[in-house]
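In: I'll drop the sequence and a predicted model, then ask my questions.
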Amino acid sequence: RCKLQAYGGGVVQAGGSLRLSCKAPRMILSTFSSGDMAWYRQAPGNQRELVASLPSRGSPNYVDSVAGRFTVSRDNGQRKVYLQMNSLKPEDTAVYFCNAKVSYGEFWGKGTQVTVSS
C-alpha cells in the first residue's frame, strides 16, 4: 500500500520561506516516475484547494495566488516531491497535503501545518 509522508511545515514570519517535502518510500520507482504529483492545502473553514501540480511529463501548474512564489519539483530517484515556498504571506497559512495519482490509484499524505505570522 502506498504511503506518502509529508514534512517540512512550521511557523515562519511573513516574507519568509519554507520547503515542504513528500516521499513515497514504498512506491515502486517506475510507478512514482510515471505518476502525477501535486500539493494541496486546506485552511480552517475552507475547502481543500490545489496549490501546485507536477505531471510526470509536462510543466508544473500553480494556483494564481502562489504563482511566482512557489516552486514544485520532484526527484524521481528519491521518490520525492518538493514545494519551495518563498515570500510567504499570512493567507498561505494552511495544512498542506501531497497527492499522488499513479496507475493503480490516488493517494494522500498526512498534512503538514504551515503557519505564517504577520
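Out: Perfect, thanks for sending it.
In: Local confidence estimate at residue 57?
Out: With respect to pLDDT, residue 57 has a value of 92.
In: Looks to me like it is in a strand.
Out: No. Checked against DSSP: H, G, I helix; E, B strand; the rest coil, residue 57 lies outside a strand; its state is coil.
In: distance of it from residue 107?
Out: Per Cβ to Cβ, to the nearest Å, residue 57 is found 20 Å from residue 107. Backbone N, C-alpha and C define where each C-beta goes, glycine included.
In: and those two? which has more neighbours close in?
Out: When residue 57 and residue 107 are compared for neighbours, residue 107 comes out ahead with 17 against 7, by other Cβ atoms under 10 Å.
In: Which helix or strand lies directly C-terminal to the one helix or strand that one maps to?
Out: Per DSSP states H and E, residue 107 falls inside strand 105-108. Next along the chain after strand 105-108, taking DSSP H and E as the criterion, comes strand 112-117.
In: Count the residues that sit near residue 18.
Out: Residue 18, neighbours per other Cβ under 10 Å, totals 20.
In: which strand residues sit across from the residue nearest the centre of the chain in the sheet?
Out: Taking Cα atoms, centre = their mean, the centroid of the chain lies closest to residue 39, which sits 3.0 Å from it. Residue 39 has these beta-bridge partners by DSSP bridges: residue 52, residue 98.
In: Pretty sure it sits against residue 95.
Out: No. Assessed by Cβ atoms under 8 Å, residue 39 is found out of contact with residue 95, at 11.2 Å.
In: strands paired with the strand holding residue 107, and their directions?
Out: Strand pairing (DSSP bridges) places strand 105-108 next to strand 94-102 (antiparallel).
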